[in-house]
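1. what follows is a predicted protein model with its sequence.
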Amino acid sequence: MAESIRDKVAIIGMGCPPWGERWEADIFDLITEAAYEAFDDAGVEPKQIESAWVGYYATDYATTGLVVSQTLQLQQIPVTHVENGCGSGSEAIRGAAYGLASKQYDLVLALGYEKLKDTGFGGLAMAGAPGKWYPLYAAEFGAAPGRYALAATAYFRKWGLSKEEGKRTLAKISVKSHHNGARNPRAHLRREITVEQVMNAPIIAWPLGLFDCCGVTDGAAAAILCRTEDVKKFAANHPRDYITIKGFGIAASPGWGKERTDYDFTYWDATEAAAKQAYAQAGIRNPRKELSLAEVHDCFSIAELIAVESLGICEYGHGKEDVDGGAWEQGGEIPINISGGLKSFGHPIGASGCREVFEFYTQFQRKAEEPSRQLKDVKFGLAHNQGGFPGQFVCGITITGDPGL
Amino acid sequence: MVGIVSYGAYIPIYRLSREAISAMWVKSLGRGEKAVANADEDSLTMGVEAVLDCLNGMERQQVDGLYFATASPPYVEKQSASIIRAAVDLREDIPTMDIAHSLRGASSAMKAAMDAVQAGSARRVMVAAAECRIPAPNSEFEAIFGDGAAAFLIGDSDVAAIIEGSYHLSSEFIDVWRKPEDAYMQTWEDRFLRDEGYLKILSQAVSALLKKHGLSPKGISKAAFYGPDARAHAAIVRAMGLDAKTQVQAPMFDSVGNTGTALAPMTLVAALEETKPGDRILYATYGDGADAFLLRVTEQIEKVRNRRGIKRHLASKLMLPGYGKYVEIRELMEWEAGRHPSRRSSLPVIWRERQHLFPLYGQKCRACGNIQFPRQRVCIYCQAKDDFELVRLSDKRGTLFTFSMDERAMEVVLPKVFSVVDLEGGGRFYSVMTDRDPSKIEVGMTLEMTFRRQLEGSGLHNYFWRVRPIRC
């Protein structure tokens, strides 16, 4: 059995300038702002960085690691571009942490970004999805809403929810996310919404309506990492309130879901697998009890519902009870997407995995800008980040926590 | 004896009422409705439908040729018949050809097939005709033209209708024409076209045929022939001395419209559906001359009744809610400039995956027995490598496992219905549902495959299979 990463690596600085429709900013602005916020937060200089990992998906604006070295004027150090679709941000943090754990570097940068609002329309720019026989077969199957909606239809049917009950359950998830996001000054969509608004919103891909879909957002998030033993050496500003990596899980599924007759679209198999890896490393046995918060990949309301079940935080088929009972709200048993989630905070593809960790980092340091959204007693946080579509996911999970636990 | 061994037809599911066209142009354009091809259909895909209907219960390996007639081919340069052959999974080592440019193409194809069988160079030849002509908006043609297809299997065994004889007349008479640069058909004053062209030329061919066989019009049980419209058709019926009520198969002007090259063949299919052994059928086409055929129905006709043909396709329809939807699905307007990235295609991909894209072959793992689509080298069930046999999936039905309806997809007909379909006999097909009423889609419903045109890209029509509710 390989060694666990638990507590070997610390995050000593993070940056996540407010996300949104950043008409005035290009990717170089986004990268600069996030990286410098992280440098300043950690109290390190850019020239101290020995290696960097950057996650992004859309390659219209950039290729390679040059996008970071040029922008930040890093001088001849290794910069690696990682890409796992919407899970690229987690992949950047993992690469950075493993570079430290293998003692190749002492101080590194992980960064994720995406610029989505230069295209001229809502939704994502990708025409169809990559895959088999592109641009023919795979391209026929279109954009994310239609693909995730397949899971909503299947979930309603499997668990006996009428269309009305199913839609209402999903609506409550979106209402919760908007409630959280409305109080988070860094979030993109900061507006409270009601269940009726969600239910009556225009359909994007039935059964999902407008408010079942996350924001299309520009943004970046960055983290500065070092080995835990070196925190005192590097973390001038956070000698005590840093966080450590407790476990990683990354699983690229065999991707057969949509073609195998024994897949029913009501669970995320890559999430189950990645969670198992991450819980084992972090020593988490009962995630519902032990996690102080979970940031889950809620690009759609149904994605949150199924992700929470697939993470073992809620039993399969019991999501509706949890949602109705408020278990995932701030004051509930386990706050899900206290940040607002992808839904309300936004989802610049390559950045979300880093941003989810940023939420735990903020909560742990008791730095929530709006006091009403500050959680108490913050110990372990889970960031769940996935790329692909129901039936063909790659999932990245990062568990971070209190270094003293 | 050479004749028709089997027949089939196709009428697209959408209909546009003449009332809707009248309302659009604020004038009276008569009653009834016309059949309109869906946005993912063209003459080629409709040809596939008719051929598959015709092949119902027939051995595909025995077909020795495929001739496809249309005046509205999807490609002006590039054969349609070769794509149809691949889609319906006929043998590769057979002649295929398109017969275009003339509304008489269907009978030219039948004559060529007859001759091939008679000469012994083929046992069975598939003859298909389809039409999907776009009439100019607010033209006389607009209310009249409809879309549809028919197919006949010509052979010399198990013949359902013997071709007793034929007469062929070529004429330089011009009635309708379209130059490569023309978006729409051009024509001349209808009185000239009817009186000097249609009435004279078609009558001449029919008279000559009857004379050759020593028959009077009374000897015809049913006449199935072309007409530019209901009035001209009625006029020629009178001129020929046929009894419109008992001897003439109505060409469906009020329910389908004038389907050009496919009109006479579709009318013949309608006649064959009603006919009984011993009946004598007159079949005639018109355009650049006329072709007339005399058919005698045999006992074998009872064995090829199980066709969707005209009757069942006619009864299965969805009304277009108005002229605007017609404009949309037939793309009669310039639309707002798209801001989405443009679609692409790839000839090497189409070529490499031809067995999978055209006749829709999936693979069955020899190690675990599971059927899977699309192909890949390692089994998605048991991970055995390169141990598969091909299984044709295009003739399988399936059950809808789950679906979604995308209202924002880059697709003419919205919502785009994504469908996960579990196939009878195994395998799952991830597809798009066409020819559907969104309010009637339910998990568990039975679906069938249909060959469609999708995703225009890189200047190419991309053809692939979709699913639809069991049509009829």
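-> Yep, it's here.
2. please make it C-alpha for all contacts and neighbour counts, starting now.
-> Will do.
3. what's around residue B:121, how many residues?
-> Burial of residue B:121 is recorded as 12 neighbouring residues (other CA atoms under 10 Å in any protein chain shown).
4. nearest residue to the residue of the stretch 301-405 of chain A found nearest chain B other than its sequence neighbours?
-> Per CA to the nearest CA, residue A:391 is where the stretch 301-405 of chain A lies closest to chain B, at 11.1 Å. Among residues not flanking residue A:391 along the chain, residue A:257 sits closest, at 3.5 Å (CA to CA, 6 or more residues apart in numbering or on different chains).
5. can you check residue A:399 too?
-> Per CA to CA, 6+ apart, closest to residue A:399 is residue A:382, 4.5 Å.
6. tell me who's in contact with residue B:7.
-> B:53-55, B:150-153, B:269, B:304, B:307, B:309 (CA atoms under 8 Å, 6 or more residues apart in numbering or on different chains).
7. mind redoing it with 10 Å?
-> Counting by CA atoms under 10 Å, 6 or more residues apart in numbering or on different chains, residue B:7 makes contact with B:50-56, B:126-128, B:150-154, B:160, B:265-266, B:268-270, B:272-273, B:301, B:304-309.
8. so residue A:146 is in which element?
-> Residue A:146 is part of helix A:144-158, with elements assigned from DSSP states H and E.
9. the helix or strand just after that helix - contacts with which helices or strands?
-> Later in the chain than helix A:144-158, the nearest helix or strand by DSSP H and E is helix A:163-182. Applying 3 or more CA pairs under 10 Å, 6 or more residues apart in numbering or on different chains; DSSP states H and E, one finds that helix A:163-182 makes contact with helix A:144-158, helix A:195-200, strand A:208-209, helix A:301-310, helix A:319-325, helix A:341-345.
10. please identify the deepest-packed of those.
-> Counting by mean count of other CA atoms under 10 Å in any protein chain shown, helix A:341-345 has the highest mean neighbour count of those, with a mean of 33.
11. distance from the chain centre to that helix, please.
-> Here the centre of helix A:341-345 is set off from its chain's centre by 9 Å, with CA atoms, centre = their mean, to the nearest Å.
12. stretch B:5-21 now?
-> Per CA atoms, centre = their mean, the centroid offset for stretch B:5-21 relative to its chain is 10 Å.
13. residue in the stretch 151-300 of chain A nearest to chain B?
-> For the stretch 151-300 of chain A, CA to the nearest CA, closest residue to chain B: residue A:205, 3.8 Å.
14. hang on, that residue in a helix?
-> No: Residue A:205: not assigned to a helix; according to DSSP: H, G, I helix; E, B strand; the rest coil it is strand.
15. thought the residue of the stretch 301-405 of chain A closest to chain B was touching residue A:271?
-> No: the criterion here is CA atoms under 10 Å, and residue A:391 misses it with residue A:271 at 11.2 Å.
16. which one's more surrounded, those two?
-> residue A:271 (30 against 25).
17. pretty sure that one is touching residue A:389, no?
-> No: Residue A:271 lies out of contact with residue A:389 (CA under 10 Å); the separation is 12.0 Å.
18. just the pLDDT at residue A:138, thanks.
-> Note on residue A:138: pLDDT of 69.
19. let me see the ranges of the helices in the chain.
-> You didn't say which chain, so I picked chain A. A:27-42, A:66-72, A:88-101, A:144-158, A:163-182, A:195-200, A:231-234, A:269-282, A:287-290, A:301-310, A:319-325, A:341-345, A:352-364 (DSSP state H).
20. nope, chain B please
-> Going by DSSP H, chain B shows helices at B:18-25, B:43-54, B:81-87, B:105-119, B:140-144, B:190-192, B:199-212, B:230-240, B:263-274, B:309-315, B:323-329, B:347-352, B:354-357.
21. return the most buried member of those.
-> Comparing the helices of chain B by mean count of other CA under 10 Å gives helix B:43-54 as most buried, with a mean of 28.
22. who does the residue nearest to residue A:399 form a beta bridge with?
-> Beta bridges link residue A:382 to residue A:294, residue A:399, judged by DSSP bridges.
23. so what's it up against?
-> A:246-248, A:275, A:278-279, A:287, A:291-296, A:311, A:336, A:356-357, A:359-360, A:397-401.
24. one more pass at 6 Å, please.
-> A:294, A:398-399 (CA atoms under 6 Å, 6 or more residues apart in numbering or on different chains).
25. identify the residue nearest residue B:399 in space, chain neighbours excluded?
-> Nearest non-adjacent residue to residue B:399 (CA to CA, 6+ apart): residue B:446, at 4.7 Å.
26. from residue B:326, how far off is residue B:333?
-> 11 Å (CA to CA, to the nearest Å).
27. then residue B:90?
-> In terms of CA to CA, residue B:90 sits 34 Å off from residue B:326.
28. what's the answer for residue B:461, then?
-> For residue B:461, the distance to residue B:326 - CA to CA - is 20 Å.
29. try residue A:108
-> 60 Å.
30. care to break the chain down by domain?
-> Unless you meant another one, I'm taking chain A. Domain assignment for chain A, taken from automatic domain parsing, gives A:9-119+A:217-234, A:140-213+A:243-401.
31. please refer instead to chain B.
-> Split by automatic domain parsing, chain B gives B:3-329, B:347-469.
32. quick one: end-to-end distance for stretch B:390-407.
-> 35 Å.
33. so what touches that stretch?
-> By CA under 6 Å, 6+ apart, stretch B:390-407 touches A:146, A:149-150, A:154, A:204-206, B:360-363, B:414-424, B:443-449.
34. what residues of it count as buried?
-> B:390-391, B:393-394, B:397-407 (16 or more other CA atoms under 10 Å in any protein chain shown).
35. same deal with stretch A:248-260?
-> Those would be A:248-253, A:255-260, for stretch A:248-260 by 16+ other CA under 10 Å.
36. go on, stretch B:242-253?
-> For stretch B:242-253, by 16+ other CA under 10 Å, it's B:242, B:247-253.
37. do stretch A:42-57 as well
-> A:42-44, A:46, A:49-57.
38. got the CA coordinates for stretch A:325-340 in CSV?
-> Backbone C-alpha positions of stretch A:325-340 (Å, rounded to 0.1, in the frame of the first residue of the first chain) are rendered in CSV as follows:
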residue,chain,number,x,y,z
GLY,A,325,-35.1,18.6,6.3
GLY,A,326,-32.5,21.2,5.6
ALA,A,327,-29.6,18.8,6.4
TRP,A,328,-27.3,20.5,3.8
GLU,A,329,-28.0,24.0,4.8
GLN,A,330,-25.6,26.1,6.9
GLY,A,331,-27.2,25.1,10.1
GLY,A,332,-27.9,21.5,9.1
GLU,A,333,-26.0,18.3,9.7
ILE,A,334,-23.5,19.0,7.0
PRO,A,335,-23.3,22.2,5.1
ILE,A,336,-23.1,21.5,1.4
ASN,A,337,-21.8,24.3,-0.8
ILE,A,338,-21.7,26.9,1.9
SER,A,339,-19.8,29.1,-0.6
GLY,A,340,-22.8,29.1,-2.9
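39. any stretches of the stretch 1-150 of chain B with poor pLDDT?
-> By pLDDT under 70, the stretch 1-150 of chain B contains no weakly predicted segment.
40. hmm, try it at 90
-> B:30 (pLDDT under 90).
41. do the same with the stretch 101-250 of chain A
-> A:118-143, A:215, A:236, A:238.
42. switch to 70 and redo it
-> A:125-131, A:135, A:138-139.
43. tell me which residue in chain B sits closest to chain A.
-> Taking CA to the nearest CA, chain B has residue B:406 as its residue nearest chain A, at 3.8 Å.
44. that residue bridge partners, please.
-> residue A:205, residue B:416.
45. give me the pLDDT for it.
-> 95.
46. how many residues are close by residue B:79?
-> Residue B:79 - counted by other CA under 10 Å - has 17 other residues nearby.
47. can you get me a residue count around the residue lying closest to it once chain neighbours are set aside?
-> Spatial nearest neighbour of residue B:79, chain neighbours left out: residue B:98 (6.2 Å); criterion: CA to CA, 6+ apart. Neighbours of residue B:98 under the rule other CA under 10 Å: 21.
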